[in-house]
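**Student:** Next comes the sequence, and after it the predicted model I'd like to discuss.
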Amino acid sequence: QVHLVESGGGLVQPGGSLRVSCAASGRILGIDDMSWYRQAPGNQRELVEQIFSSATTVYSDSVKGRFTISRDNAKNTVYLQMDSLKPEDTAVYLCGATVRSGPDSRWRDYWGQGTQVTVSS
């Protein structure tokens, strides 16, 4: 089994910065894409940023120039550096990853439980 655990959320003032992390653990044979999504109350889950094993990244226009995704393959960890935070960035941030694991070595999608990020004065 594979587990994703997020950390680093919290309360920050508008204009501030925060970094969240997501570590994957378990019987991991490989990781393709790692992603950050967010979901605010009453809203659908939306993709924030995604990074592939090739280091190619995809990001939402709403965070362009403010958020940066990165990954440490040796640690099976993905990070999201969030700068110039706005109140509308308030949401639960969830980590997702496509992981090859298990005795059958199949690729599967896994999700973390999420970490709350609140931007407020």
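**Tutor:** Looks like it came in fine. Numbering: from 1, shown residues only.
**Student:** which strands and helices sit next to the helix or strand hosting residue 29?
**Tutor:** In this structure, residue 29 is located in strand 28-39 according to DSSP states H and E. Under the contact criterion of 3 or more CB pairs under 8 Å, 6 or more residues apart in numbering; DSSP states H and E, the helices and strands touching strand 28-39 comprise strand 18-26, strand 46-51, strand 67-72, strand 77-82, strand 91-101. (C-beta placed from N, C-alpha, C; glycine too.)
**Student:** count of residues packed around residue 91?
**Tutor:** Residue crowding around residue 91 was assessed by other CB atoms under 10 Å; the count is 22.
**Student:** So which residue is smack in the middle of this structure?
**Tutor:** Central residue of the chain (CA atoms, centre = their mean): residue 36, 2.8 Å from the mean position.
**Student:** Contacts only, for that one.
**Tutor:** Residue 36 sits next to 20, 22, 47-50, 69, 78, 80, 93-96 when contact means CB atoms under 8 Å, 6 or more residues apart in numbering.
**Student:** Just name the closest of those to residue 120, please.
**Tutor:** Top of the list for closeness to residue 120, among these and by CB to CB, is residue 93 at 15.5 Å.
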